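Participant: everything below, folded, please.
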Amino acid sequence: MLFSYSFQNKKRDLSDILASVVKDSPRFISNFRTVENATQQKHEWLEDQIAGRSITAAANSNGTLTVSAADSAKVAVGTLLTFKDDSALFVVNAVNGTSVTVTLASSNGSALTAANIPAEGGIFNIVSTPVGEGSIFGDATGITGNAEYNCTQIFRKDIILSGSAMAVNVFGNVDNLLNRQTSFALDELARDLNRVALFGRRVEAAPNVRGEAGGLYYFGCGENALDIDADGNTLDSFIINDAAQAVLSEGGDPMQILCSPGQARVLSSEYKHNLQILRSDDRRGAYVAQIVNEINGRGMVIMADPDVPDNDAWVIDPNGFGLANLQGRGICDEDATSKGFDGIKRMALGELTFEFKNAKQRLCRIKNLLASSEAIAAMKG
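Facilitator: Presented below is the predicted three-dimensional model:
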């Protein structure tokens, strides 16, 4: 090696530095906190029980409800239920496989009975399962959480300093130059991670197959996913609240609106009529960083990410996000200089994946929005 530096033969762990870079990034990736390491390339996790207090009947036959196997496990003989948006109280008399038989326990001022529950069933909220004195294990209901998984993906960045670049010595000694280039490499890696966290597909590693990590669109779209079709309309607080209600109804806590910078401008423009200009003001303009939803009164932060497609927006509960390094494979850099190379080479290499817990409950996509450029032009007109 023609050049030397203080950490020449050392392997440096950069995972903590990357975590800081990711956290401070003004993009979607900043939602992902570092969680427990993955122990294999197929990284599994247990879904949180954030909903679970209701069952959905596909059909009703004189009080016998047809439900899914997961829903039938939520109730037992004696469980009390109410039909959604109705005050009548029902009690479970029998549970046989995916059939749950209910009878009216108390009308509570309602005309609904077990016989006139809609034929297509509907949603029943679980009130409670009363148990008697001296109860034993099995008298109550118990739920085993479902497992979901993602796959790890290898990321690599090469850091190269030529002899000529080091000879110029504009930015200081070799150590400073390498640290500066490493910082640039980690910034670039954070941008790559952001796009994988958005658009990545889940591919399990195999011989001659590279592992890939799935992202927001992979986990947040598809069967049983929450979505709102804007049908070409402008993004506004009404659509946002519809999506927030969908997330809240599934047990999530809508805390963030993810959209393109253009759609963030559209949302801000909705509130410009509330702008007041005083003679003492030295600024003018309207920028909205948070919207209070009308469902539970909590604020939702607007995150404008240029990587998000302009015709989409997401209402998100970010509590289920996590970034998991494969054990022993966190981002590290080490020397990769070949013999006789006129300069220094180091490589930053690591393997990690993303967790999307309860994606079908915590994520709601708003699709088919009017392009932000058209919406802003209409507002100007």
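Participant: could you count how many residues lie near residue 146?
Facilitator: Counted by other CB atoms under 10 Å, the residues lying close to residue 146 total 10. From N, CA and C alone the C-beta is placed, and that goes for glycine too.
Participant: with residue 22 instead?
Facilitator: Applying other CB under 10 Å, we find 22 residues neighbouring residue 22.
Participant: what is the burial count for residue 349?
Facilitator: Residue 349: 19 neighbours (other CB under 10 Å).
Participant: same check, this time on residue 194
Facilitator: 21.
Participant: next one: the helix or strand containing it to chain centre, how far?
Facilitator: Under the criterion of DSSP states H and E, residue 194 resides in helix 174-199. With CA atoms, centre = their mean, to the nearest Å as the basis, helix 174-199 stands 23 Å off its chain's centre.
Participant: one more: stretch 362-381?
Facilitator: 21 Å.
Participant: tell me the buried residues in that stretch?
Facilitator: 362-366, 369-372, 375-376 (16 or more other CB atoms under 10 Å).
Participant: just those residues: which are in strands?
Facilitator: When DSSP state E defines the strands, the subset of the buried residues of stretch 362-381 inside them is 363-366.
Participant: show the average pLDDT along the strand ranked longest in the chain.
Facilitator: In the chain, with assignment by DSSP E, the single longest strand is strand 343-356. Strand 343-356 comes out with an average pLDDT of 89.
Participant: helix, strand or coil for residue 43?
Facilitator: The three-state label given to residue 43 by DSSP: H, G, I helix; E, B strand; the rest coil is strand.
Participant: shaky segments in the stretch 201-350 of the chain?
Facilitator: 271-290, 293-296 (pLDDT under 70).
Participant: give me the number of residues near the residue lying closest to residue 50 once chain neighbours are set aside?
Facilitator: Using CB to CB, 6 or more residues apart in numbering and skipping the chain neighbours, the partner closest in space to residue 50 is residue 251 (3.6 Å). Residue 251 has 17 neighbours, counted by other CB under 10 Å.
Participant: would you say residue 251 is within a strand?
Facilitator: No - judged by three-state DSSP, residue 251 forms no part of a strand; its state is coil.
Participant: so what does the residue lying closest to residue 130 once chain neighbours are set aside have for phi and psi?
Facilitator: Excluding the flanking residues, the one nearest residue 130 by CB to CB, 6+ apart is residue 78, at 6.0 Å. Main-chain torsions, residue 78, degrees, to the nearest 10: phi 100, psi -10.
Participant: would you mind measuring from residue 78 to residue 129?
Facilitator: Distance of residue 78 to residue 129, given as CB to CB, to the nearest Å: 6 Å.
Participant: for residue 37, same thing?
Facilitator: 38 Å.
Participant: what do you get for residue 17?
Facilitator: 50 Å.
Participant: do the same with residue 89
Facilitator: 13 Å.
Participant: joint contacts of the two?
Facilitator: residue 80 (CB atoms under 8 Å, 6 or more residues apart in numbering).
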